[in-house]
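J.: how would this look folded up:
(chains A, B and C)
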Amino acid sequence: MAEPGPGRTLLVALAVCGVCSLVVTGSVVLLRPFQVENQQRERERRVRALVDGLPGVSDLVEAAGEARIELRVVELATGAYATSRDASALLEKSDGAEGEVPLPPERDPAGIGYVPTHVVVYELRRGDRVDTAILPIHGQGYLSMMRGYLAVAGDGETVRGIAFTEHHETPGLGSEVESPEWQARWQGRRLYGSDGEVRIRVVKTLPAAGSPDAPYVVQGISGATLTSAGVSELVRFWVGPDGFGPYLERLRAAAGSEGEGDPS
Amino acid sequence: MSEPTLRTLTRPLVDENPITLQILGICSALAITRRLDTALLMGLSVIFVLTLSNASISLLRRQVPRSIRLIVQITVIASLVTVVDQLLQAFAWELSRQLSIFVGLIITNCVVLGRGESFALSHGVRASALDGLGNGLGYAGVLALVGGVRELLGSGSLLGVTILDRVDAGGWYQPAALLLLPPSAFFLLGFLVWGVRALRPEQVEAPEPRPEAAQTAVAGGR
Amino acid sequence: MSSLLDLFVRAAFVENLALSFFLGMCMFLAVSRHVSTALGFGVAVMVVQTLTVPLNQLIYTHLLRPGAWSWAGLPELDLSFLALITSIGVIAAFVQILEMFFDRHLPALARALGIYLPLITVNCAILGGSLFMIERDYDFVESVVYGAGSGFGWVLAICLLAGVRTKLEYADPPEGLRGLGLTFVVVGLISLGFMGFAGIELR
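T.: Numbering: from 1, shown residues only, chains lettered A, B, ... in the order given. Down below sits the predicted model:
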């Protein structure tokens, strides 16, 4: 076949581009609603899975319906509720966080650069008391920024569970943070020592049974040392003074005074 | 060109399996074979893309000038892969996240481009589509095999269903953790090629010609 | 600065595109068995990688990602689905330009690379680098470092493999394993070796 001229070449090129564009764009537009719905359902399912993993709580949620999981906006610095702000609007607009306070490197072990001033938290309430607080956490893993939730009991110091909704860690190794077996290791761990210091951390090997460290350590993922270390740092940051520390302290105080009232 | 079409379909399964004989497309094959479900989904995606791209390229083969042939092929393949990626995100969200960038890499998968160049450009649409389907099935077969072995022996399960009770779940099976790591896929492929060539000795590679000195040294040492 | 160095080392060793993700192996395994060819091809790949990853990053950030068109009053526009097509398009165009540049200004190099230069377009490692960059959300500087690091790691791996294959020519494996099969096993071993780099941190 004789080599066609530039005009013909251009025509063919444009035609191919045109058809491909139509096919690609058409499929994207048609499929977008399914994808958005999937992402939405995925997010809801994860928070649900987190709650469901907690003994007794899932029944309560079933019985009482969605209304019992309440959204609150917490001011991180004081740990108090920011009643003037609307939690759902904040979730819609900026993914549940407001404000940007830069963190100097020595106070940023999780590598997140800055911390918000206000964050939306999910509270599971029994009557007037906070039974479980579900806190959004994020930080640098090994290969990626990891995002997830930490569920803390109403006593402000016992872990009920942990889940990661977003990460790009090594498939098969770091990605095991998503496995229920690993997440179960967090249940019942204590965050703080008796002096209020952050004592929770992820370790490679568990201490001997009966060791004073035992309630505060979680065994990491074998073969994924760096991902585990990343998780350790980010959890410690978020339950520390620059994260939800003040909020959890209020919960502890409220629980201490015979479980009465809100930490407002 | 009339061709016994059943042969076109079955030939790439063992005799001319794209991976073991033609050494094509292993890139996408290995990283996602830790589990059978991701391996199967990748296999399906490749079948979809390969069949349609072969058909499209064959359809266009008399229209596209030689100067832009390669880029037109790449454009068609890239569009098809984008469509597959969107489909996976819409209907298999969880698994598509596991597959990560590897669906996108089907664009540069040597099998897809290779069959486009070597078959679709010189055969009719039906034959090309069948060739694409056959090669896709051969490719998916290898992926499924490797994925199945890795998941079964590395995690004790198949498609998430526990077959061998693992020690850390109270059972007896100590999983072979090496199989969960990337290098194992390469070992498995090596042994698979060995197996295929034992069955089909005509596929064995001829030894490289050796210099005289080395040959006499070997002979002398006997 | 140290985090950039860390990124480079990680991209080259721990997350070696060839040995940890098996990208870019097809072409090489099928074609080359000598260190000199491996080096030539590898350097060309490294150059293309170092330049295309940042280029794709710019396009993604300013044209494709959700919110990229806010300046034009279209903050909702999300063209990220075009990332696959634009990435490969950029790579193909870039390689074409490189080829023309070599033909005119460095003809000896163009001749030495021969058929390999256009083949770089469809090298999984090049596209893979750009796709990882998008997935991990690197900024411009990180993209340059990641491109250079991952390219360097690929060259290293490919030369190592060529060297081993040259030695293996004198080996006497079982017939069925000869050539391709043995190569697969050897690459698996090298990959296992590279896994030993995991955990190296530069301070």
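J.: hey, let's count contacts and neighbours off CA atoms from now on
T.: Will do.
J.: A:Glu100 is in contact with A:Gly113, correct?
T.: No - checked against C-alpha atoms under 8 Å, the pair A:Gly113 and A:Glu100 is beyond contact range at 9.2 Å.
J.: Tell me which helix or strand comes right after the helix or strand bottoming out on mean pLDDT in chain C.
T.: Among the helices and strands of chain C, helix C:25-31 carries the lowest confidence by mean pLDDT, DSSP states H and E, at a mean of 67. Next helix or strand after helix C:25-31 toward the C-terminus (DSSP states H and E): helix C:35-59.
J.: quick check, that next one touching chain B?
T.: No - Helix C:35-59 is not in contact with chain B by C-alpha under 8 Å from any C-alpha of the partner chain; minimum separation 14.6 Å.
J.: buried sites along that helix?
T.: Within helix C:35-59, the residues that count as buried by 16 or more other C-alpha atoms under 10 Å in any protein chain shown are C:35, C:37-46, C:48-57, C:59.
J.: So for chain B, which residue is the most central one in space?
T.: B:Tyr139 (3.4 Å; C-alpha atoms, centre = their mean).
J.: Next, report how far the helix or strand where that residue lies is displaced from the centre of its chain.
T.: Assigned by DSSP H and E, B:Tyr139 falls within helix B:125-155. The chain centre lies 6 Å from the centre of helix B:125-155; the measure is C-alpha atoms, centre = their mean, to the nearest Å.
J.: Could you find the closest non-adjacent residue to A:Ala229?
T.: A:Val202 (6.7 Å; C-alpha to C-alpha, 6 or more residues apart in numbering or on different chains).
J.: The one you found pairs with what?
T.: Taking DSSP bridges, one obtains A:Val218 as the residues bridged to A:Val202.
J.: repeat for A:Arg72
T.: For A:Arg72, the beta-bridge partners are A:Val121 (DSSP bridges).
J.: Tell me who's in contact with it.
T.: A:Arg72 makes contacts with A:Tyr81, A:Ala82, A:Ala87, A:Val120, A:Val121, A:Tyr122, A:Glu123, as judged by C-alpha atoms under 8 Å, 6 or more residues apart in numbering or on different chains.
J.: that older thread, so the residue nearest to A:Ala229 makes contact with A:Ser232?
T.: Yes - between A:Val202 and A:Ser232 there is a contact under C-alpha under 8 Å: 5.1 Å.
J.: residues of stretch A:120-133 that come out buried?
T.: So, applying 16+ other C-alpha under 10 Å, buried residues of stretch A:120-133: A:Val120, A:Val121, A:Tyr122, A:Glu123, A:Leu124, A:Arg125, A:Arg126, A:Arg129, A:Val130, A:Asp131, A:Thr132, A:Ala133.
J.: State the mean pLDDT of it.
T.: In this model, stretch A:120-133 has a mean pLDDT of 82.
J.: can you list contacts of it?
T.: A:68-74, A:87, A:90-91, A:96-97, A:134-136, A:151-154, A:160, A:251, A:259-262.
J.: how long is that stretch end to end?
T.: This stretch, stretch A:120-133, spans 11 Å end to end (C-alpha to C-alpha, to the nearest Å).
J.: before we move on, the earlier item: from the buried residues of stretch A:120-133, which two are the most distant?
T.: A:Val120 and A:Arg126 (19.2 Å; C-alpha to C-alpha).
J.: Longest helix in chain A, please.
T.: Longest helix of chain A, by residue count under DSSP state H: helix A:6-52.
J.: Can you name every helix or strand that it contacts?
T.: helix A:57-64, strand A:159-166, helix B:69-91, helix B:93-99 (3 or more C-alpha pairs under 8 Å, 6 or more residues apart in numbering or on different chains; DSSP states H and E).
J.: Serialize these to CSV and add fields for mean neighbour count.
T.: Supplementary listing: the helices and strands packed on helix A:6-52 in CSV, determined by neighbours: other C-alpha atoms under 10 Å in any protein chain shown:
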stretch, mean neighbour count
helix A:57-64, 14
strand A:159-166, 23
helix B:69-91, 22
helix B:93-99, 17
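J.: JSON lines for those, including distance to A:Gly141 and mean pLDDT?
T.: As requested, the helices and strands packed on helix A:6-52 are arranged in JSON lines below (distance: least, C-alpha to C-alpha, whole Å; pLDDT from 0 to 100):
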{"stretch": "helix A:57-64", "distance to A:Gly141": "30", "mean pLDDT": "56"}
{"stretch": "strand A:159-166", "distance to A:Gly141": "11", "mean pLDDT": "83"}
{"stretch": "helix B:69-91", "distance to A:Gly141": "24", "mean pLDDT": "91"}
{"stretch": "helix B:93-99", "distance to A:Gly141": "17", "mean pLDDT": "80"}
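J.: do you know which of those lies nearest chain C?
T.: Evaluated over the helices and strands packed on helix A:6-52, closeness to chain C peaks at helix B:69-91, with 5.6 Å, by C-alpha to the nearest C-alpha.
J.: is the closest one anywhere near chain A?
T.: Yes - Helix B:69-91 reaches chain A (C-alpha under 8 Å from any C-alpha) through B:Val72, B:Thr75, B:Val76, B:Ser79, B:Leu80, B:Thr82, B:Val83, B:Gln86, B:Leu87, B:Gln89, B:Ala90, B:Phe91.
J.: Run a quick check on the fourth one versus A:Cys20, I expect a contact.
T.: Yes - using C-alpha under 8 Å, B:Ser79 makes contact with A:Cys20 at a distance of 6.0 Å.
J.: Okay, now the unreliable bits of the stretch 51-200 of chain A?
T.: Counting by pLDDT under 70, the stretch 51-200 of chain A shows low-confidence ranges at A:51-68, A:89, A:92-94.
J.: repeat that with 90
T.: By pLDDT under 90, the weakly predicted segments of the stretch 51-200 of chain A are A:51-73, A:82-107, A:110-114, A:120-134, A:140-145, A:147-157, A:160-188, A:193-197.
J.: What parts of it come near chain C?
T.: Residues of the stretch 51-200 of chain A found near chain C (C-alpha under 8 Å from any C-alpha) are A:Leu143, A:Ser144, A:His168.
J.: And for the spatially closest residue to the last one that is not a sequence neighbour, the neighbour number?
T.: If I follow you right, that is A:His168. Closest residue to A:His168 in three dimensions, ignoring its sequence neighbours and counting by C-alpha to C-alpha, 6+ apart: A:Ser144, at 5.3 Å. Look at A:Ser144: counted by other C-alpha atoms under 10 Å in any protein chain shown, it has 19 neighbours.
J.: Which parts of chain B are helices?
T.: Using DSSP H, the helices of chain B run over B:5-10, B:26-31, B:36-60, B:69-91, B:93-99, B:110-118, B:125-155, B:183-199, B:212-221.
J.: Among those, which comes closest to chain C?
T.: Nearest to chain C among these is helix B:183-199; the distance by C-alpha to the nearest C-alpha comes to 4.1 Å.
J.: can you pull the buried residues of that closest one?
T.: B:183-198.
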